[in-house]
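[1] Next one to model:
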Amino acid sequence: MSRVGKLPVPIPNGVTVIVEGDSLIRVKGPNGELTHPVLVGTHVVVDGAEARVSSERVVRNPAFGTMRAKLNNMVLGVTTGFSKNLEIQGTGYRAAMDANTLVLQLGYSHSIRYEAPQGITVKVEAPTRIKVSGADKAQVGQVAANIRGFRPPEPYKGKGVRYEGEYVRRKAGKAAGSA
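    Here you go, the predicted model:
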């Protein structure tokens, strides 16, 4: 049985966790509201200021620790939120905001326009720095991955969109010919 799954999830003031039947968890807080289905074979019980995840002792359930982690991420998301920072490297590569649309110049013949989904905020802190933030950890990561996917960092010059602090392994270029 998962050691992490046994730990209770603390519920801070201002956050409400509601278990609807045995099928859905609803978490409300200052940064919004998140819902997630209860994974098969697990049960969520709210006791005052903490929530506990349990499963049947007879069957080894791999979703037990996952359900606890999802619940904890939902509580953290509606209280503090999650964010990912992206860096753009390359001559002429830059980002700008046009109302709620992210406009990227990434060396293509056209600019790339990206509309963030509801619940996610995208900020351009500098022409080469983008911050993606929101309450849902998975959705923040997916939006950051989508933006990075427009021009992933290439191994020869390192140009492209990368996560903050990401190491890009560089390759040697074409060797001087000896023909």
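[2] mind checking how far residue 27 is from residue 54?
    Using C-beta to C-beta, to the nearest Å, we find residue 27 at a distance of 18 Å from residue 54. C-betas here are computed from N, CA, C, even on glycine.
[3] Compare those two (neighbour count), which wins?
    Neighbour count, other C-beta atoms under 10 Å: between residue 27 and residue 54, residue 27 has more, with 25 against 16.
[4] which SSE is that one in?
    Taking DSSP states H and E as the criterion, residue 27 maps to strand 24-29.
[5] on contacts alone, who are the packing partners of that strand?
    strand 16-20, strand 32-37, helix 63-79 (3 or more C-beta pairs under 8 Å, 6 or more residues apart in numbering; DSSP states H and E).
[6] residue ranges for the helices of the chain, please.
    3-6, 63-79, 137-149 (DSSP state H).
[7] Show me what the shortest one is packed against.
    Contacts defined by 3+ C-beta pairs under 8 Å, 6+ apart place helix 3-6 against helix 63-79.
[8] if we can go back for a sec, which of the helices of the chain is buried the deepest?
    With neighbours defined as mean count of other C-beta atoms under 10 Å, the helices of the chain peak in mean count at helix 63-79, which reaches a mean of 21.
[9] can you put the helices and strands packed on strand 24-29 in TSV and add mean pLDDT and distance to residue 156?
    Below are the helices and strands packed on strand 24-29 laid out as TSV (pLDDT from 0 to 100; distance: least, C-beta to C-beta, whole Å):
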stretch	mean pLDDT	distance to residue 156
strand 16-20	91	49
strand 32-37	92	41
helix 63-79	92	37
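[10] Show me what residue 104 is bridged to.
    residue 95, residue 112 (DSSP bridges).
[11] does it really touch residue 150, like I thought?
    Yes - applying C-beta atoms under 8 Å, one finds residue 104 in contact with residue 150, separated by 6.1 Å.
[12] Touching both of the two, which residues are there?
    Common neighbours of residue 104 and residue 150 are listed as 112, 114, 161 (criterion: C-beta atoms under 8 Å, 6 or more residues apart in numbering).
[13] Buried subset of these as a ChimeraX selection?
    One line in ChimeraX is enough to select the buried ones among those; burial here means 16 or more other C-beta atoms under 10 Å:
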select :161
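[14] Figure out how far the lowest-mean-pLDDT helix or strand in the chain is from the centre of its chain.
    When the helices and strands of the chain are scored by mean pLDDT, DSSP states H and E, helix 3-6 comes last with a mean of 80. Helix 3-6 sits 22 Å away from the centroid of its parent chain (C-alpha atoms, centre = their mean, to the nearest Å).
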